[in-house]
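In: task: produce atomic coordinates for the following.
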Amino acid sequence: MIRALLMSAALSGAGANAPAEADALIAQATEWLLAGEDLPVDMDLRLRRLPPEERIRVLVFLRRSGMFTGPDWPIDKLLAPALAEPAPPPQTGDAR
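Out: Numbers count the residues shown, from 1 in each chain. You can find the predicted model right below:
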């Protein structure tokens, strides 16, 4: 059952209609890989801001490329709804 859910979620985001956020994150990770850099420390948060189907696609890329070697993600974290973007910090001071 879980395998079927994961497969359908992973395949629903593939192809020509792939969302730009996941594509941008994959392109950025490719640049880090080619430059010999590690993933940034906030990668977990970046992944959690993606919808589940995009998150799975990026995680699969990161695992296959060898960049994401940490512990497995639990299914509830993997399929959780995307986190909201943080609100911009309030501006303080005199804006003249």
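In: just checking, residue 65 touches residue 33?
Out: Yes. At 5.6 Å, residue 65 and residue 33 qualify as touching, with contact defined as CB atoms under 8 Å. For the C-beta atoms, the positions are set from N, CA and C on the backbone; glycine is no exception.
In: okay, these two: which has more neighbours?
Out: residue 33 (16 against 13; other CB atoms under 10 Å).
In: which residues does residue 84 contact?
Out: Contacts for residue 84 (CB atoms under 8 Å, 6 or more residues apart in numbering) come out as none.
In: phi and psi next, for it.
Out: Backbone torsions of residue 84, given as degrees, to the nearest 10, read phi -70, psi 150.
In: tell me where the protein has helices.
Out: 2-12, 20-34, 43-48, 52-65, 75-78 (DSSP state H).
In: and these as JSON lines, adding distance to residue 85 and mean pLDDT?
Out: Shown next, in JSON lines, are the helices of the chain (distance: least, CB to CB, whole Å; pLDDT from 0 to 100):
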{"stretch": "helix 2-12", "distance to residue 85": "22", "mean pLDDT": "52"}
{"stretch": "helix 20-34", "distance to residue 85": "11", "mean pLDDT": "94"}
{"stretch": "helix 43-48", "distance to residue 85": "11", "mean pLDDT": "93"}
{"stretch": "helix 52-65", "distance to residue 85": "14", "mean pLDDT": "94"}
{"stretch": "helix 75-78", "distance to residue 85": "19", "mean pLDDT": "92"}
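In: what's the most buried one of those helices?
Out: When those are scored by mean count of other CB atoms under 10 Å, the highest mean neighbour count falls to helix 52-65 (a mean of 19).
In: that one vs helix 20-34, what angle?
Out: Per axes from the mean of the first three to the mean of the last three CA atoms, to 10 degrees, the angle that helix 52-65 makes with helix 20-34 is 10 degrees.
In: elements contacting helix 52-65?
Out: helix 2-12, helix 20-34, helix 43-48, helix 75-78 (3 or more CB pairs under 8 Å, 6 or more residues apart in numbering; DSSP states H and E).
In: give me the most central residue, the protein.
Out: Nearest to the mean C-alpha position of the chain, by CA atoms, centre = their mean, lies residue 47 at 2.9 Å.
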